[in-house]
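Visitor: Next one to model:
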Amino acid sequence: MKMIQCNRFIAPILLLSLILVLPLAVAKDVKYCDTQAEYDVQVQGVEISPNPIARGKAATFSIAATTGAAINGGKLVIEVSYFGWHIHSETHDLCDETSCPVSTGDFVVSHSQVLPGYTPPGSYSLKMKMLDANKHELTCIGFDFNIGFASSVADI
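Guide: Now for the predicted structure:
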């Protein structure tokens, strides 16, 4: 009888814990830049770890995607906005962020970066274009992410 009562209390606590932890691992809502375009690469979602991002710590963006044709190389063009203001751009070789050539089917693009400790906390928007070696736009997506208020001063 005590075991049943104990499980009755543990189950809600476990459920609450999962509800609080799962948003950290669930893929972010992704929006295509042009909803009318038929992109060669379809994006299923973006996972950000940790979420929210901690200033001064490594953050990883993993983008799950599918392609109908092999991709031999290209570029990722990333633009970041803070409260609607463009604040940062960078370009990466696609083959540095995933294994090339990318075969037909599912693949993951993963990028890790340490944000400076002085990065302001708040909501950010990221726009990413994937271009092939001939500069043809394979996909263009946007999503929001948060940088937490936690300070990294204690870790210095």
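Visitor: Which residue ranges of this protein form strands?
Guide: Using DSSP state E, the strands of the chain run over residues 31-32, 41-49, 58-67, 74-82, 85-93, 105-114, 122-132, 137-147.
Visitor: And the contacts of the first one?
Guide: Contacts made with strand 31-32 from outside it, assessed by CB atoms under 8 Å, 6 or more residues apart in numbering, are listed as 39, 43, 139, 140, 141, 142, 143. For the C-beta atoms, the positions are set from N, CA and C on the backbone; glycine is no exception.
Visitor: and which of the residues you listed is nearest residue 83?
Guide: Using CB to CB, residue 142 is the member of the contacts of strand 31-32 that lies nearest residue 83, at 14.9 Å.
Visitor: Pretty sure residue 74 sits against residue 130.
Guide: Yes - with contacts counted by CB atoms under 8 Å, residue 74 reaches residue 130, the gap being 6.4 Å.
Visitor: More neighbours: which of those two?
Guide: Higher neighbour count among residue 74 and residue 130: residue 130, with 27 against 23, using other CB atoms under 10 Å.
Visitor: Can you get me a residue count around residue 44?
Guide: Using other CB under 10 Å: residue 44 sits among 12 other residues.
Visitor: just the one 3 residues further on next, same as before
Guide: Each residue near residue 47 was counted by other CB under 10 Å, and the total is 17.
Visitor: Now it: closest residue in space that isn't a chain neighbour?
Guide: residue 62 (4.6 Å; CB to CB, 6 or more residues apart in numbering).
Visitor: For that neighbour, give me the pLDDT.
Guide: pLDDT for residue 62: 96.
Visitor: Pairing partners for it in the sheet, please.
Guide: Beta bridges link residue 62 to residue 47, residue 110, judged by DSSP bridges.
Visitor: If anything else comes up later, I'll come back, but that's it for now.
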